[in-house]
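A.B. asks: This is a predicted model, with the sequence first.
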Amino acid sequence: MNELIATSNRETQLRWTSSDLDLLPDNSNRYEIIDGELFVTRAPHNKHQDTCGNLYYELKTWSKRTGLGYAVMGAGVLFSEGDDVIPDVIWMQKETYTSLVDESGHFRG
């Protein structure tokens, strides 16, 4: 007689949150949480940083000239406890800037 054993292939998945970031080492890695999953990347290549710097400069220059908004480089953006990222460059309208920045200097969106 064959024995039937029920097993589950479902793995228990850990969901990272923004508060978990405080537990990680303060080193040159970039830690981001997207949909509860932790992503760890090394510091970007200098060509990547140069491109980001050029984009930031152009956006900042345009923003100053038009007065329509602000360009920010490398700021943390918290969409939810399970979505905490660090985009290379962001731009936002002048009217929404102050409502999105929190006391720690991160943006909430």
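C.D. replies: Nice, thanks for sending it over. Numbers count the residues shown, from 1 in each chain.
A.B. asks: from here on, contacts and neighbour counts on C-alpha atoms
C.D. replies: Will do.
A.B. asks: What is the end-to-end distance of stretch 61-74?
C.D. replies: 17 Å (CA to CA, to the nearest Å).
A.B. asks: same question for it, mean pLDDT?
C.D. replies: Averaged across stretch 61-74, the pLDDT comes to 96.
A.B. asks: which SS class is Thr61?
C.D. replies: When classified by DSSP: H, G, I helix; E, B strand; the rest coil, Thr61 comes out as helix.
A.B. asks: Please report how far it lies from Asn29.
C.D. replies: 30 Å.
A.B. asks: And Ala71, by the same measure?
C.D. replies: 23 Å.
A.B. asks: higher neighbour count, the two?
C.D. replies: Using other CA atoms under 10 Å, the more surrounded residue of Ala71 and Asn29 is Ala71, with 20 against 14.
A.B. asks: Would you mind confirming that the more buried one makes contact with Lys60?
C.D. replies: Yes. Counting by CA atoms under 8 Å, Ala71 touches Lys60, with 5.2 Å between them.
A.B. asks: Can you pull the residues that touch both of these two?
C.D. replies: Residues touching both Ala71 and Lys60 by CA atoms under 8 Å, 6 or more residues apart in numbering: none at all.
A.B. asks: Look at Glu103 and give its secondary structure.
C.D. replies: coil.
A.B. asks: Could you count how many residues lie near it?
C.D. replies: 6.
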